[in-house]
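[1] quick one: sequence and predicted model below, then my questions.
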Amino acid sequence: IIATSQLKDMFGVSFARTHYWWETVEELFDAVEDIHGATTALSFSILVMLLFLKFWKTAGSKEKREKHFLWRFMPKEKSSVPFKALKLLADLSSFLAVFVGSMIAWALREGGVEGIKLVGEVNADGFIFVMPGNGVFKELTSDST
């Protein structure tokens with residue numbers, strides 16, 4: 001149900017929010033001519049990357065990985081550097097998806113591909129660093145003479 005509400009963003013189409021999932025699917029079929037190819041390719045590539053990392057991470061023991069048709073080609077020894085590096089990527093897969101997706105979207109926009117939109121509203125001018133507490137940062141940086 002939640003996945004169908006994201007489909008319009010994954011295909012790069014716009015229509016009013018629907019109450020039931022089947023209405024979303026119907027709206028999507030009605031908007032098939034408006035599907036944005038670059039947005040769709042980017043969205044589903046990132047989804048495949050996330051699923052790949054998730055399933056690799058939960059593949060089980062070395063023996064199970066050696067028997068799997070795909071994981072047998074991936075690092076299997078948990079103490080090896082490649083295994084640890086891939087596990088770190090899998091652990092940070094949400095961040096990786098945002099980073100990779102943002103970089104690809106930026107590159108596509110710079111290359112003249114129109115129509116890739118930022119989903120969601122950003123209420124800031126970029127990264128803002130804020131110290132916790134009430135005026136702690138100001139007290140640390142002010143001259144106390």
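    Thanks, I have the structure now.

[2] pLDDT weak spots in the protein?
    1-2, 118-145 (pLDDT under 70).

[3] can you do 50?
    Scanning the chain for pLDDT under 50 picks out the ranges 145.

[4] in it, which spans are helices?
    Assigned by DSSP state H, the helices in the chain fall at 2-11, 21-30, 37-57, 62-67, 81-91, 93-110, 136-141.

[5] against Glu23, how distant is Thr4?
    Separation of Thr4 from Glu23 (Cβ to Cβ, to the nearest Å) stands at 9 Å. Glycine gets a C-beta too; all of them are placed from N, C-alpha and C.

[6] if you could redo that for Arg72, that was the one I meant.
    Between Arg72 and Glu23 the computed distance is 43 Å (Cβ to Cβ).

[7] comparing these two, which residue is more hemmed in?
    Between Arg72 and Glu23, counted using other Cβ atoms under 10 Å, the more crowded position is Glu23 (14 against 11).

[8] pull the contacting residues for the residue most central in space within the chain.
    Geometric centre of the chain, nearest residue: Ala97, 3.2 Å, by Cα atoms, centre = their mean. Contacts for Ala97 (Cβ atoms under 8 Å, 6 or more residues apart in numbering) come out as Ile46, Met49, Leu50.
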